[in-house]
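# pasting the sequence and the predicted model now:
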Protein chains: 2
Amino acid sequence: MAVCELISVGTEILLGDILNTDAQYLSIELAKLGISVIHQSTVGDNRERLLAQLDEAAKRSDIIILSGGLGPTPDDLTKEVCCEFFGKELQLHEPTAKKIRNYFSSKGLEMAQSNLKQAMLPRDCVIFPNENGTAPGMAIEKDGVHILVLPGPPRELKPMFRNSAIPYLMQFSDKIIVSHNIRTFGIGESAMAEKVRDLLDGKNPTVAPYAKDGEALLRVTAMADSEDDAEKLCEPVIDEIKSRLDGFVYGVDYTCIEEAVVELLRNNCLKAATAESCTGGLIAKRITDVSGASDVFDCGIISYSNEIKNKILGVSEDDLKKYGAVSEPVARQMAQGALRVSGADVAVSVTGIAGPNSDGTDKPVGLVYIALADKDNVWVKELRTSRNDRSYNRYVSASNALNMIRLYIDKKL
Amino acid sequence: MAVCELISVGTEILLGDILNTDAQYLSIELAKLGISVIHQSTVGDNRERLLAQLDEAAKRSDIIILSGGLGPTPDDLTKEVCCEFFGKELQLHEPTAKKIRNYFSSKGLEMAQSNLKQAMLPRDCVIFPNENGTAPGMAIEKDGVHILVLPGPPRELKPMFRNSAIPYLMQFSDKIIVSHNIRTFGIGESAMAEKVRDLLDGKNPTVAPYAKDGEALLRVTAMADSEDDAEKLCEPVIDEIKSRLDGFVYGVDYTCIEEAVVELLRNNCLKAATAESCTGGLIAKRITDVSGASDVFDCGIISYSNEIKNKILGVSEDDLKKYGAVSEPVARQMAQGALRVSGADVAVSVTGIAGPNSDGTDKPVGLVYIALADKDNVWVKELRTSRNDRSYNRYVSASNALNMIRLYIDKKL
């Protein structure tokens, strides 16, 4: 197995000005290729320190991946120092220079001469084109040690890694790794793990539980000679998990529940509306984060005050007085109101106490009512988070509302 | 100036399972103490590799701060390896053992014998108590090199760093460092820097420009013998910057513009409402992210469809047909509609094309109209972002709407 290490270059990381997300991204992607990362380091924009780090790295690793320090200014020196380390000379690479000139002229900008620094490349390197910037990356090799140089900004690094570095690195990976995430809602991590305990001991595929933001997921990872073979190993395990966790699984390889909900709504030609109090627009925001949401989302009412709950959504003033804004009847009437106002097929509502303070009654922070209405019925769910964490309570309340839409469409409400 | 480096210990970081936020947190805090971080590294839970890294580190740094690997299981070996490196013997520290036993009995849990591993400490260390866990941290010293060992989980590391590590590190810091962030909106980083170019050369305080999420900020940092003296150094420079960037500065040390807007609304006893199309609830979500927003936020209408724009907000059907949903007249009528519906003092609206696709007309992705209405007037702003990035376009549109509220209250609209 090829051994790899990462070197991030940038004084701004050492100052804490930016969070080093590149290291995590690269580590995850390398693990998928079956390449083991044994070391990560960060050095400043400093020739001596970078040379010393390259020297250390070359002693223990087959592959050294550097990120950052490819800009046009003199303090950007990653490429230059790597070439110095391997004794390779830089020369102007005319096609890259042309691309940089074109980039500037297409934007109607004048190009500073210093930008051509980014077109200086060693003769025998593999060039990694940059989709989102002017600095190309590269790979160079000497005595069996490979140095890959990538730009620092994630929006440049990620496509370059995907499109150029992975094909280059395939020479070190004799196996293909395939991973799938089975995403659940409404079950805790340990309860989920309990239901699939025997599968967690599997070696190929491996099954690993994770928890994040009030959700639990299982990652199924298989290694094989071909993608097809790896997929075939995953398939029966995924099916088995889905059947054991029936009702909790909202999908495989979605990045979030709103993605699943938008797709479900679209596939069923349904439109949704929202009425939000404590979530303050977060449910609608999450639905409309998904590109193409306009096909399935109609309108949202954020009724932060009691007057608006009554005036726009038609919540009874008496009930607001009698039960308070955070109550089962108010949640019910908010959902019905949103349905009526919008003409959508289904409406969800949330009213609750996100914190840090309660609402002046003796109701606890974290008490939330979530309702879903269609033209015939209303369902209401009471949620009690045990946390006084405004941001968490809002997020989890929105997730529960989204999950109610899913359960409704799946006829599991 | 004392030179410091960080070593994170944990195979889970090398696998990319967790993002190394500790390194950023520690770097920021150390910079405030005037301690320079010259290197960061991550090694797995591996004795040989950790010893090798300590060896490297001790050659170049006065202070080595390790985080992670203090758990009760055999693979947690940070403390043991650090003591081995300095030739120090571990022995049971009875007060710590008692604390661990109490922790378990107070939770009604049985303590595994292995937990006492966390009470093994060298005789001549400085113990750092752990508020949120059972593993104490420590500092040990040999030949002028100081090793600090901290737990990995941020909720254990941060309070320990604040309460124990900072007092320990004060011996290396003869100066106090104070930083303030001057936050602006509506001016680019380079235009901002141009206006304060001479101040960027200052040595004490230093002034540094940063850009993030469509905003630019200036960080003013002073070093002095006391906090008071450092504040006095910052003050005139902050005043000078504010006067040069008049109209762009929305505040000092806010974390985001919504914080400033909620405070401005509260101080002026005003209530706001929103009418959102392409931002889909994001403006309301950001306002209500701020605790106490209910004093200043009344309601929001997310009118994703033309029908809702007409039905709830009263946007003219003819204008929707004639100018399209993404147009100046529609933005204007949306803001007026939200004002009418809500009874708020001021309403903002957004209608635009966030992408990735256009709206079926020849209008470009990134075209956004933002309006603000009070009972007498309406102001409309046209925004053209040059990006096809849904998430960025939504965020920047929402920021611009929030900024319009600020300019309105400051009578600068």
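Received it, and whenever you're ready, just let me know what you need. Residues are numbered from 1 along each chain as shown, chains lettered A, B, ... in the order given.
# for the rest of this, base every contact and every neighbour count on C-alpha atoms.
Fine.
# quick one, helices of the stretch 301-413 of chain A?
In the stretch 301-413 of chain A, the segments counted as helices under DSSP state H, counting those that start in this stretch are A:306-311, A:317-323, A:328-342, A:390-409.
# and these, which is most packed in?
Highest mean neighbour count among the helices of the stretch 301-413 of chain A (mean count of other C-alpha atoms under 10 Å in any protein chain shown): helix A:328-342, with a mean of 26.
# which secondary structure elements does that helix contact?
Applying 3 or more C-alpha pairs under 8 Å, 6 or more residues apart in numbering or on different chains; DSSP states H and E, we find helix A:328-342 packed against strand A:272-276, strand A:297-303, helix A:317-323, strand A:346-352, strand A:367-373, strand A:378-384.
# okay, and for chain A, where does confidence drop off?
Across chain A, nothing is flagged by pLDDT under 70.
# can you lay out the helices and strands packed on helix A:328-342 as CSV showing distance to chain B?
CSV is the format used below for the helices and strands packed on helix A:328-342 (distance: least, C-alpha to the nearest C-alpha, whole Å):
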stretch, distance to chain B
strand A:272-276, 9
strand A:297-303, 5
helix A:317-323, 16
strand A:346-352, 13
strand A:367-373, 16
strand A:378-384, 19
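# re earlier: reformat the helices of the stretch 301-413 of chain A as TSV; add distance to A:Pro356.
Shown next, in TSV, are those (distance: least, C-alpha to C-alpha, whole Å):
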stretch	distance to A:Pro356
helix A:306-311	20
helix A:317-323	21
helix A:328-342	21
helix A:390-409	6
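# for A:Ile38, find the nearest of those.
helix A:390-409 (34.4 Å; C-alpha to C-alpha).
# angle of that closest one against strand A:378-384?
On the basis of axes from the mean of the first three to the mean of the last three C-alpha atoms, to 10 degrees, helix A:390-409 is oriented at 150 degrees to strand A:378-384.
# got phi/psi on the residue of the stretch 101-250 of chain A found nearest chain B?
Going by C-alpha to the nearest C-alpha, chain B is nearest to A:Tyr210 of the stretch 101-250 of chain A, at 9.5 Å. Backbone dihedrals for A:Tyr210, given as degrees, to the nearest 10, come out at phi -140, psi 160.
# which one is it nearest to, not counting chain neighbours?
Distances taken as C-alpha to C-alpha, 6 or more residues apart in numbering or on different chains put A:Leu217 closest to A:Tyr210, at 5.2 Å, once the chain neighbours are dropped.
# setting the sequence-adjacent residues aside, check what's closest to A:Ala273.
Take A:Ala273 and drop its neighbours on the chain: the residue closest to it by C-alpha to C-alpha, 6+ apart is A:Ala347, 4.6 Å away.
# my bad, should have said A:Leu320
Closest residue to A:Leu320 apart from its sequence neighbours, by C-alpha to C-alpha, 6+ apart: A:Val330 at 6.7 Å.
# so the one you found makes contact with A:Lys322?
No: counting by C-alpha atoms under 8 Å, A:Lys322 is not a contact partner of A:Val330; they are 10.2 Å apart.
# which one in chain A is furthest away from the centre?
Taking C-alpha atoms, centre = their mean, the residue of chain A most remote from its mean C-alpha position is A:Asp318, at 44.2 Å.
# enumerate every residue touching it.
By C-alpha atoms under 8 Å, 6 or more residues apart in numbering or on different chains, the contact set of A:Asp318 is empty.
# and A:Ala222, what element?
When elements are defined using DSSP states H and E, A:Ala222 is found to belong to strand A:215-224.
# any idea which helix or strand comes after that strand?
Past strand A:215-224, the next helix or strand by DSSP H and E is helix A:227-244.
# what sits up against that following helix?
So helix A:227-244 is contacted by A:176-178, A:180, A:182, A:195-196, A:199, A:204-205, A:220-224, A:249 (C-alpha under 8 Å, 6+ apart).
# OK, contacts around A:Ser164?
With C-alpha under 8 Å, 6+ apart, A:Ser164 has these contacts: A:Phe128, A:Pro129.
# if we use 10 Å, what do you get?
Residues in contact with A:Ser164 (C-alpha atoms under 10 Å, 6 or more residues apart in numbering or on different chains) are A:Val126, A:Ile127, A:Phe128, A:Pro129, A:Asn130, A:Gly137, A:Met138, A:Ala139, A:Lys158.
# need the residues of the stretch 151-300 of chain A near chain B, please.
A:210, A:273-300 (C-alpha under 10 Å from any C-alpha of the partner chain).
# write the PyMOL selection for whichever of those residues are buried.
Listed next is the PyMOL selection for buried residues among these, using 16 or more other C-alpha atoms under 10 Å in any protein chain shown:
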select buried, chain A and resi 210+273+274+275+276+277+278+279+280+281+282+283+284+285+286+287+288+289+290+291+292+293+294+295+296+297+298+299+300
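# once you drop chain neighbours, what's closest to the residue of chain A found nearest chain B?
Nearest residue of chain A to chain B (C-alpha to the nearest C-alpha) works out as A:Ser41 at 4.0 Å. Leaving aside its sequence neighbours, A:Ser41 sits nearest to B:Ser41 (C-alpha to C-alpha, 6+ apart; 4.0 Å).
# which element is the one you found on?
Assigned by DSSP H and E, B:Ser41 falls in strand B:36-43.
# all good on my end, thank you.
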